[in-house]
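K.L.:
Mind looking at a prediction? Sequence and model below.
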Amino acid sequence: MKECIEAIENRRSIRKFKSKQVSKSDINILLHSAQMAPSAGNLQAREFIVVSSEEGKEKLARAALKQEFLREAPVTIVVCANLKRSEMRYRARSALYAIQDATASVMNILLAAYSLGLGTCWMGAFDEKEVSSLLGLPEHVRPIALVVVGYPDEAPTAPPRLDEKIEHWEKWTSQSIDD
Ligand SMILES: Cc1cc2nc3c(=O)[nH]c(=O)nc-3n(C[C@H](O)[C@H](O)[C@H](O)COP(=O)(O)O)c2cc1C
């Protein structure tokens, strides 16, 4: 319990990595942690693609709007939503569920990586068509997040949170900060 809260508090997005490789067994722990995340109806409408080749990472970095730090990290896990698997049971909300299945697993990867001494960054800024094409994804599989993984070479402080400004009790009680 204490360790979980500590990980939630101290995990940071890492954008500078050491050259040290991530072991296959650690990658397996991350993938297993991803799979243990909740999912709508336990359909697990998500898929994981591990990219570690120099060529693969270079192409991914280009598709991620030239966020070059992706290339520095030894591994990127591309977390995808499988829309077809969700549609087999759900209708109007199926896409939303598949996306939530995928994002819940992203969070597990980030926290499991932190516990292993690894750094991660959740990357959402990328050209979806380009990523889909270079990974050969079928139409019903959408890349949701690129999660870069490696040994951290920086220790950033936490960017500030909005705290009570976005907390509401019982119902919407005050003006939104965006109004
Ligand atoms: C949906 C989403 C998309 C993100 N996309 C990127 C991204 O493309 N590049 C990047 O460097 N960080 C990205 N981030 C990381 C955020 O910038 C980071 O989580 C935020 O600044 C808070 O910092 P922290 O993770 O250290 O607490 C993304 C995070 C989320 C949840």
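P.N.:
Thanks, I have it.
K.L.:
Determine the set of other helices and strands touching the helix ranked longest in the chain.
P.N.:
In the chain, assigned by DSSP state H, the helix with the most residues is helix 94-115. Packing partners of helix 94-115 (3 or more CB pairs under 8 Å, 6 or more residues apart in numbering; DSSP states H and E): helix 2-10, helix 24-35, strand 46-51, strand 75-82, helix 83-87, strand 119-123, strand 141-150. From N, CA and C alone the C-beta is placed, and that goes for glycine too.
K.L.:
Export these to TSV and append columns for mean neighbour count.
P.N.:
Formatted as TSV, these follow (neighbours: other CB atoms under 10 Å):
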stretch	mean neighbour count
helix 2-10	10
helix 24-35	16
strand 46-51	20
strand 75-82	23
helix 83-87	20
strand 119-123	22
strand 141-150	24
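K.L.:
Adding distance to the ligand and mean pLDDT, write those out as a markdown table.
P.N.:
Below are the helices and strands packed on helix 94-115 laid out as a markdown table (distance: least, CB to the nearest ligand atom, whole Å; pLDDT from 0 to 100):
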| stretch | distance to the ligand | mean pLDDT |
| --- | --- | --- |
| helix 2-10 | 10 | 95 |
| helix 24-35 | 15 | 98 |
| strand 46-51 | 15 | 98 |
| strand 75-82 | 11 | 98 |
| helix 83-87 | 18 | 98 |
| strand 119-123 | 4 | 98 |
| strand 141-150 | 7 | 98 |
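K.L.:
Pick out the residue of the protein closest to the ligand.
P.N.:
Proximity of the chain to the ligand (CB to the nearest ligand atom) peaks at residue 124, 2.7 Å away.
K.L.:
on that earlier part again, contacts for the longest helix of the chain, please.
P.N.:
The contact list for helix 94-115 (CB atoms under 8 Å, 6 or more residues apart in numbering) reads 3-4, 7-8, 10-11, 29-30, 33-41, 43-46, 48, 77, 79-83, 85-87, 90, 119-120, 122, 142, 144-145, 147, 149.
K.L.:
hmm, back to that, which stretch among the helices and strands packed on helix 94-115 comes nearest residue 171?
P.N.:
Smallest distance to residue 171 across these (CB to CB): 26.5 Å, for helix 2-10.
K.L.:
For the residue of the chain closest to the ligand, which non-adjacent residue is spatially closest?
P.N.:
residue 145 (5.8 Å; CB to CB, 6 or more residues apart in numbering).
K.L.:
what residue is smack in the middle of the protein?
P.N.:
In the chain, the centroid-proximal residue (CA atoms, centre = their mean) is residue 106; its distance is 3.5 Å.
K.L.:
What residues of the longest helix of the chain count as buried?
P.N.:
Going by neighbour count (16 or more other CB atoms under 10 Å), the buried part of helix 94-115 is 94, 97-114.
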